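K.L.:
show me the folded form of this:
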Amino acid sequence: MTSPSDPAAPRATSRGVTATWWYTVSAIVFLELMLVLLWPATLLQAGFDGPVLLVVLVGGLIWCASTAPLLRAYRHRTGETTTLPWRHTLAPLLIAAAFGVVAFSLTGLWLLLLAPVAQTLQLLDWPRSVRARLVIALTAVLVGLWVVDAQRFTGEPPEFDADPFLFGFFSAALPFMSVLSLWWWDVLIALDRARISEARLAATQERLRVATDVHDLQGHHLQVIALQLELAERLLDQDPAAALEQLRAARGSVDEARQGTRDLALRFRSVPLRDELANARDLLRAAGIAAETSVAPDADDAPAAVFGPVIRETTTNVLRHGGGRSARLSLAREGGVWRYEIRNDVADSGAAGDTPDGETPDGGTREGSGLDGIARRAGEAGGALEVHRGDDGFTVVVTAPAGAVTAR
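P.N.:
Purely as a prediction, here's the structure:
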């Protein structure tokens, strides 16, 4: 099990919210591309010639591509990094700086010099406290440079014949908007980790409960057996008959302990039939089969020891032999008999059941496989198995009397 502090934990967690991550990274890339297209559009309006526009456009696209590895690395961040992996981040920073220098040398606009570097810096895996201060500082600097560049658009006479608002606003706001998107991703990851931690805690508590029940059960029986054996030892010379009776009682206590252990294991191993059917439906749907279930309101009263393995086996048969496009599972009570039915639209989906019980098509063995195993299990409970093949599908029906239990 992966602990929350394990470096593998963030990677496993982030895979569980893949769709949200793609929404996040798509928003950031969209903002970057929009800004890269806005820059040459503004320069075109300002009267710059074609080669300058082409250099800014191509350089901007290369800069956008250089941020992809940083976004990929950010997906698995922990938020507790104290040192940055410069070996992986140096190349994107150098590309951003080179693009900024070239764009500034061609246009003289300060925002084009700093905006690519500022955006790249925001995508690094900074500690949380550093990132907050960094975005505030960079946004303030970019706003200041926006004011400086705006003088060239609105001066007397204006050096550039273009509107500086969109150019300056998006250039200065891009790092802040990117940080907001990444902050939303961090919140979702934190929530997902909390959910996983809660599930692990519940599993740990369940294991402790099982351990406590086993300790109480075995401790009681072992104490009784020890006392009975000690008494038999004392009576062996004086009253052999009484000592023999104590030995028989000790053997009975051993049988009780074994039966108690089996009952305890069965209690924790058994799954409610409603959950069995829901799991079967979800499994079939995951395989691309349109599965539906119909469950009686009092399905919890059905013999789970009979129908639980049957549900699992028939679902496996449907998947193993190509479950077609649809399947329907139902569990209902008809008088004093419980009736389970699974039907799907493939006429030979139960072919696996035609092999003798315990024998697989490849010559191996597997206990309880196939329709023979289902029939034997139903027969032990006093029920029956029915198989219906037709052009419209394959149906397996298993019946068992109410209150039935499987034979040992």
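K.L.:
for the residue lying farthest from the centre of the chain, give me its contacts.
P.N.:
The C-alpha centroid of the chain is most remote from Q238, which lies 67.9 Å away (Cα atoms, centre = their mean). Not one residue lies near Q238 by Cβ atoms under 8 Å, 6 or more residues apart in numbering. (C-beta placed from N, C-alpha, C; glycine too.)
K.L.:
next one: stretch 383-400 to chain centre, how far?
P.N.:
Remark: stretch 383-400 is offset 35 Å from the chain centroid, using Cα atoms, centre = their mean, to the nearest Å.
K.L.:
and what of stretch 259-266?
P.N.:
The mean C-alpha position of stretch 259-266 is separated from the chain mean by 32 Å, Cα atoms, centre = their mean.
K.L.:
in the stretch 301-408 of the chain, which spans are helices?
P.N.:
Assigned by DSSP state H, counting those that start in this stretch, the helices in the stretch 301-408 of the chain fall at 304-320, 370-380.
K.L.:
please apply the same query to the chain.
P.N.:
Using DSSP state H, the helices of the chain run over 8-15, 18-46, 50-66, 68-74, 86-107, 110-122, 128-154, 164-238, 240-269, 273-286, 304-320, 370-380.
K.L.:
okay, those, which one's buried deepest?
P.N.:
helix 110-122 (a mean of 25; mean count of other Cβ atoms under 10 Å).
K.L.:
send me it as CSV with only the CA atoms.
P.N.:
Provided in CSV are the C-alpha atoms of helix 110-122 (Å, rounded to 0.1, in the frame of the first residue of the first chain):
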residue,chain,number,x,y,z
TRP,A,110,9.3,45.3,-22.5
LEU,A,111,6.3,43.1,-22.1
LEU,A,112,7.5,40.8,-24.9
LEU,A,113,10.8,40.5,-23.0
LEU,A,114,9.5,39.5,-19.6
ALA,A,115,6.1,37.9,-20.2
PRO,A,116,7.4,34.5,-21.6
VAL,A,117,9.9,34.2,-18.7
ALA,A,118,7.2,35.1,-16.2
GLN,A,119,4.8,32.5,-17.5
THR,A,120,7.5,29.8,-17.6
LEU,A,121,8.5,30.6,-14.0
GLN,A,122,4.9,30.1,-12.8
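K.L.:
could you give the mean pLDDT of that helix?
P.N.:
Mean pLDDT, helix 110-122: 90.
K.L.:
just put the helices of the stretch 301-408 of the chain in JSON lines and tack on mean pLDDT and distance to R131.
P.N.:
Below are those laid out as JSON lines (pLDDT from 0 to 100; distance: least, Cβ to Cβ, whole Å):
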{"stretch": "helix 304-320", "mean pLDDT": "84", "distance to R131": "47"}
{"stretch": "helix 370-380", "mean pLDDT": "82", "distance to R131": "59"}
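K.L.:
those helices: which one's closest to E198?
P.N.:
Of all these, it is helix 304-320 that lies closest to E198, at 27.3 Å by Cβ to Cβ.
K.L.:
tell me the helices and strands packed up against the closest one.
P.N.:
Contacts defined by 3 or more Cβ pairs under 8 Å, 6 or more residues apart in numbering; DSSP states H and E place helix 304-320 against helix 273-286, strand 326-334, strand 337-344, helix 370-380, strand 393-401.
K.L.:
what angle do the third one and strand 326-334 make?
P.N.:
Relative orientation of strand 337-344 versus strand 326-334 (axes from the mean of the first three to the mean of the last three Cα atoms, to 10 degrees): 170 degrees.
K.L.:
next: the first one.
P.N.:
Between helix 273-286 and strand 326-334, the angle formed by their directions is 170 degrees, by the same axes, to 10 degrees.
K.L.:
contacts for stretch 216-235?
P.N.:
Counting by Cβ under 8 Å, 6+ apart, 242-244, 246-247, 249-250, 253-254, 256-257, 260-261, 264 sit against stretch 216-235.
K.L.:
return the member of these nearest to M34.
P.N.:
Using Cβ to Cβ, the contacts of stretch 216-235 come closest to M34 at L264, 62.9 Å.
K.L.:
do I have it right that the closest one meets V214?
P.N.:
Yes: the pair L264 / V214 is scored as a contact, 6.7 Å apart, by Cβ atoms under 8 Å.
K.L.:
residues near the closest residue in space to V397 that isn't next to it in sequence, how many?
P.N.:
Among residues not flanking V397 along the chain, E386 sits closest, at 4.1 Å (Cβ to Cβ, 6 or more residues apart in numbering). Residues near E386, counting by other Cβ atoms under 10 Å, number 13.
K.L.:
which residues touch E386?
P.N.:
E386 touches T395, V396, V397, V398, T399, counting by Cβ under 8 Å, 6+ apart.
K.L.:
hmm, which two among those residues are most spread apart?
P.N.:
It's T395 and T399 that sit farthest apart of those, by Cβ to Cβ, at 13.1 Å.
K.L.:
could you dump the helices of the stretch 301-408 of the chain to a markdown table with distance to L134?
P.N.:
Formatted as a markdown table, the helices of the stretch 301-408 of the chain follow (distance: least, Cβ to Cβ, whole Å):
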| stretch | distance to L134 |
| --- | --- |
| helix 304-320 | 52 |
| helix 370-380 | 64 |
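K.L.:
ok, which of these comes nearest P127?
P.N.:
Closest among the helices of the stretch 301-408 of the chain, using Cβ to Cβ: helix 304-320, at 47.5 Å.
K.L.:
just how off-centre is the closest one within its chain?
P.N.:
On Cα atoms, centre = their mean, the centre of helix 304-320 falls 25 Å from that of its chain.
K.L.:
now the angle from it to helix 370-380?
P.N.:
Using the same axes, to 10 degrees, helix 304-320 lies at 170 degrees relative to helix 370-380.
K.L.:
tell me the angle of helix 304-320 relative to helix 240-269?
P.N.:
On the basis of the same axes, to 10 degrees, helix 304-320 is oriented at 40 degrees to helix 240-269.
K.L.:
what's the domain layout of the protein?
P.N.:
8-198, 213-269, 273-401 (automatic domain parsing).
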